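> quick one, fold the following:
(chains A and B)
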Amino acid sequence: MSTSPSAAPAQGQAWDFSDVTRSNDSLRRFLHGLPGVDQVGADSRAASLGTRSIKTTAKAYALDLAIRMVDLTTLEGQDTHGKVRALAAKAMRPDPADPTCPAAAAVCVYPDMVGVAKEVLGDSGVHVAAVATAFPSGRAALDIKLADTRDAVEAGADEIDMVIDRGAFLSGHYLQVFEEIVAVKEACVRPDGHSAHLKVIFETGELQTYDNVRRVSWLAMMAGGHFIKTSTGKVQPAATLPVTMIMLEAVRDFREATGQMVGVKPAGGIRTAKDAIKYLVVVNEVAGPDWLDPDWFRFGASTLLNELLMQRTKMTTGRYSGPDYFTVD
Amino acid sequence: MTFDYAPALESRSIVDIKASYGLFVDGEFVDGSGTSFKTINPATEEVLAEVAEATEADVDAAVRAARRAHTRVWSRMPGKERAKYLYRIARIIQERSRELAVLETIDNGKPIKESRDVDIPVVAAHFFYYAGWADKLEYALPGNGHSGTRSLGVAAQVIPWNFPLLMLAWKIAPALACGNTVVLKPAETTPLTALLFAEICQQADLPPGVVNIVTGAGATGQALVGHPDVDKVAFTGSTEVGKAIARAVAGTDKRVTLELGGKAANIVFDDAPLDQAVEGIVDGIFFNQGHVCCAGSRLLVQESIADELLTKLKRRMSTLRVGDPLDKNTDVGAINSAEQLARIRELSDIGEAEGAGRWSPECELPTTGFWFPPTLFTGVTQAHRIARDEVFGPVLSVLTFRTPSEAIEKANNTPYGLSAGVWTDKGSRILHMAGALRAGVVWANTFNKFDPTSPFGGFKESGYGREGGRHGLEAYLKGGE
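Residues are numbered from 1 along each chain as shown, chains lettered A, B, ... in the order given. Purely as a prediction, here's the structure:
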């Protein structure tokens, strides 16, 4: 996999949204002027894509791709250095018995664990992602969120997964949400000028409507997010196939309008290989094959990885092995 | 490396196709007295079976069997007993759904995804639904509180090839629930699932003669419809044949329902949920290769969003997978017959000659069988033949409008009136449009959705009578007219 995703807008190509983001009113008019989403129709389209039958060579391709897209995650109060080291080792060598098995995309941890993870991962190519900005609720003052972000970046995080202020979004303070994303993105800049990549978490389970999902997707993309991400994993429902589909429509439309590509990360609730493959089908048919790359699509997951490995081993050996043949994180 | 979906073929080993089939009369398979014809797989042109062509004498035997069964058994049976048979048939259809789906796909050319997820489940749903009515007919129609036999008698039913088993269910389920017996003629190119249904009637111990299946072409249909001892004629098919049937039964006391052609407008307003509208347009015209009488074959899009919508639509059409109908990932299957393919080609060529812009996504079509790529025509006006004639194929005509009144005017400007679609975020506009459109079905923010509880039927040259729902009972009961 590529170790230097280049989602940053090419100079001179960046779309000018200054008219849109001049005031909260103009931003609201823009977001509310996006085409609506009919929930029944969106659900049925996602369900219908979910019936694709992915077999043999296609399944082998999808399983390996899904493994390469996993942001292996632990976000618990009980996290320890030992736990994070184990997770990092697992991300580099998901299947120690099979050297052909690809590595995961990243490990995703709280900011205070970034250093520990970085130590293990080194220059393996597996990234360290840190959740920041008062994850998961996002209920803190802006300067605290920014300090949280800088802290993680300084510790060596390659990617920052921020949460938006859902309260501000739901009360129509779109510009506040926009400016916060812009500020966090600035806080992602390292002293050497390189920048950690920014993933913007919406917590779609709290925003609830598909219209909101489409609006917040555009808001985050205009603010410069490199990735848009469904959920923290702490709120139910977390990622769903239709919500992810609507976000994929948004990145597709955004590229058409601006030439810029933005990544998508569903997180939480994707537990089986079968589910992961359904997501890849939606990526393929809705956003297009350009997004079938760890630079542009990720799964935020923990238990999913072993499910993918078990299916992968089944593909190569023709047998299902028990869970004892796969490492626990 | 790219994400190429490997072939995912549904196995056809579940179906057992015999070399030849007779007619199903009086509960038994019998040899026809006439010649036979071949039914083929339109995706491969492989001959599937020889099927008997019922003669006038064969039809007469079937009608007599139906009459006997009506007089002696079925009309006298209490509704709750008839219901038991219908429930049993519905359950057997569910149990044998994979077999039915595979057979339907092989004989018709439609994708297995559709026969599996739409046709067969809706077939079972129709039998379940009308089974529920069989003992409640006294309450079905206003002013008919009396009990006793109100069935019409023998129903002659002629169905098309686009949804072979589903059209059979639409015809047979309400007829039987109301105490009628039937003689049904499936389409010449798709007789096999009807013959498997006959086997299911035997499996369900349905009394002999209640359901009779006579296979054949136009002459068989004429003999059936014109038979002096049928009380009811139900036909689904082309407007041309529908008119001939109406003429044939004029002056008799036969009751008639006709479900004929269509040229539906699918109307997209500028405030529509665009991504879902694109799905609705695709479902509207490419579902079942466009072999759908209520297909949304005329896209009416508001001019202000026409470019954006067309860009999205073309991109979506490029992801349609055309090919082997038995592949579970196929979206668009084979055209049902060489004859139909010729008609689609002819009308499309006329569209091009008349100056409309023809576009199809790049797609590789199989070399044997009957195939036509998903196609759209832009720059179409009301004066183009492709905007007026029913193509009955995967061909969409794109027209534009400026105001709601213009949309209504253009949508209604057709001799047909079977269905229409409206796409808008405004509830009030949906209600206004539904009232103004002269079409039997108006879908709002969806298209081609079928449910047994919902009546279906046409205005104008799309026919008369309703099938489905409580309304569907009227066509098979005395006192319903």
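> any idea how far B:S151 lies from chain A?
38 Å (C-beta to the nearest C-beta, to the nearest Å). For every residue, glycine as well, the C-beta is placed using N, CA and C.
> what's the distance between that residue and A:W15?
69 Å (C-beta to C-beta, to the nearest Å).
> compare the two (neighbour count), which wins?
Comparing B:S151 with A:W15 by other C-beta atoms under 10 Å in any protein chain shown, the one with more neighbours is B:S151, at 24 against 14.
> just give the nearest non-adjacent residue to that one, would you?
Using C-beta to C-beta, 6 or more residues apart in numbering or on different chains and skipping residues adjacent in sequence, the residue nearest B:S151 is B:G179, 3.2 Å away.
> so what's that neighbour scoring on pLDDT?
At B:G179, the predicted lDDT confidence score is 96.
> now the one 4 residues further on
Model confidence at B:V183, expressed as pLDDT, equals 98.
> and the residue of chain B found nearest chain A, how far from A:E249?
Closest residue of chain B to chain A, C-beta to the nearest C-beta: B:Q276 (3.2 Å). Counting by C-beta to C-beta, the gap from B:Q276 to A:E249 is 10 Å.
> repeat that for B:D275.
B:D275 is 5 Å from A:E249, where distance means C-beta to C-beta.
> more crowded one of these two?
Comparing B:D275 with A:E249 by other C-beta under 10 Å, the one with more neighbours is B:D275, at 26 against 23.
> buried ones in the host helix or strand of that one?
Element membership of B:D275, judged by DSSP states H and E, is helix B:274-286. Using 16 or more other C-beta atoms under 10 Å in any protein chain shown as the test for burial, helix B:274-286 gives B:274-286.
> residues of the stretch 201-350 of chain B that sit close to chain A?
B:271-276, B:279-280, B:311, B:319, B:328-329 (C-beta under 8 Å from any C-beta of the partner chain).
> want to throw those into JSON lines with pLDDT?
Putting these into JSON lines (pLDDT from 0 to 100) gives the following:
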{"residue": "B:D271", "pLDDT": "97"}
{"residue": "B:A272", "pLDDT": "98"}
{"residue": "B:P273", "pLDDT": "97"}
{"residue": "B:L274", "pLDDT": "97"}
{"residue": "B:D275", "pLDDT": "98"}
{"residue": "B:Q276", "pLDDT": "98"}
{"residue": "B:E279", "pLDDT": "98"}
{"residue": "B:G280", "pLDDT": "98"}
{"residue": "B:T311", "pLDDT": "97"}
{"residue": "B:T319", "pLDDT": "97"}
{"residue": "B:K328", "pLDDT": "98"}
{"residue": "B:N329", "pLDDT": "98"}
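> just flag the most distant two among those residues.
B:D271 and B:K328 (36.3 Å; C-beta to C-beta).
> residue boundaries of the strands in the stretch 301-450 of chain B?
B:357-359, B:375-378, B:395-401, B:419-423, B:441-444 (DSSP state E, counting those that start in this stretch).
> between those strands, which one is nearest to B:W170?
Across those, closest to B:W170 is strand B:441-444 (C-beta to C-beta), at 13.6 Å.
> for that closest one, list the C-alpha coordinates in PDB.
Only the C-alpha atoms of strand B:441-444 are listed here, as PDB (Å, rounded to 0.1, in the frame of the first residue of the first chain):
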ATOM      1  CA  VAL B 441     -51.000   3.700 -11.100                       C
ATOM      2  CA  VAL B 442     -49.000   6.700 -10.100                       C
ATOM      3  CA  TRP B 443     -45.800   6.000  -8.200                       C
ATOM      4  CA  ALA B 444     -44.300   8.700  -6.000                       C
END
